[in-house]
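# my questions concern the predicted model and sequence given below.
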Amino acid sequence: MRSTTDRIRQAVLFEGLGLALSIPFFALVLGHPMHELGALAIIASLVATVWNYVYNLIFDHALLRFTGGVQKTLLLRVVHAVLFETALLLALLPVAMWVLGVGLWQAFIADIGFSAFYLVWAFVFTWGYDRVFPPETPAPQAAGR
């Protein structure tokens, strides 16, 4: 299992690098000023950072309970990323409408774009992070405890 310090480092690195990559890219692609996309991305990042910590904590505890370890297979990594991004997309849709001053459909398309980017980014980043900072496997509990 990961320590709280490790989870915070993971979340900060994920969001910081994600912002550095996504803001200029989406400002160009969506045709909105960088300050609007930056505001949306920073709000989304703050929400996502909290959600990232909570979601990964819950996911790791469930994984440990059901499999006895915290190692993720390729399929489990895909499921992990899709579930995370789906919940985040639903939470951020009204925020995108408000910050960008657009309707539901335009906000949904922008949100899908961000989600697609972060879906790939979550997969790539967590794979790399697990290689650089491998999670510790807890020692088995003694029988009868």
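Cool, got the structure.
# pull out the buried positions in whichever strand or helix holds Asn56.
Assigned by DSSP states H and E, Asn56 belongs to helix 34-67. For helix 34-67, burial by neighbour count (16 or more other C-beta atoms under 10 Å) applies to 37-41, 44-45, 48-49, 51-52, 55-56, 59-60, 63. The way it works is simple: take the backbone N, C-alpha and C, and place the C-beta from them, glycine included.
# what angle sits between the next helix or strand after it and helix 34-67?
The element immediately downstream of helix 34-67 (helix or strand, assigned by DSSP H and E) is helix 74-100. On the basis of axes from the mean of the first three to the mean of the last three C-alpha atoms, to 10 degrees, helix 74-100 is oriented at 150 degrees to helix 34-67.
# for the next helix or strand after helix 74-100, what is the average pLDDT?
Using DSSP H and E, the helix or strand that follows helix 74-100 in sequence is helix 104-132. Across helix 104-132, the average pLDDT comes to 91.
# which strands or helices does helix 104-132 pack on?
helix 4-30, helix 34-67, helix 74-100 (3 or more C-beta pairs under 8 Å, 6 or more residues apart in numbering; DSSP states H and E).
# out of those helices, nearest to Pro134?
helix 4-30 (10.4 Å; C-beta to C-beta).
# CA atoms of stretch 37-48 as PDB?
Coordinates of each C-alpha in stretch 37-48 appear next as PDB, following Å, rounded to 0.1, in the frame of the first residue of the first chain:
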ATOM      1  CA  LEU A  37      -8.700  27.100 -20.400                       C
ATOM      2  CA  GLY A  38      -6.200  27.700 -17.600                       C
ATOM      3  CA  ALA A  39      -9.000  28.600 -15.200                       C
ATOM      4  CA  LEU A  40     -11.000  25.500 -16.100                       C
ATOM      5  CA  ALA A  41      -8.000  23.300 -16.000                       C
ATOM      6  CA  ILE A  42      -6.900  24.600 -12.600                       C
ATOM      7  CA  ILE A  43     -10.400  24.200 -11.100                       C
ATOM      8  CA  ALA A  44     -10.600  20.700 -12.700                       C
ATOM      9  CA  SER A  45      -7.100  19.900 -11.300                       C
ATOM     10  CA  LEU A  46      -8.100  20.900  -7.700                       C
ATOM     11  CA  VAL A  47     -11.300  18.700  -7.900                       C
ATOM     12  CA  ALA A  48      -9.300  15.900  -9.600                       C
END
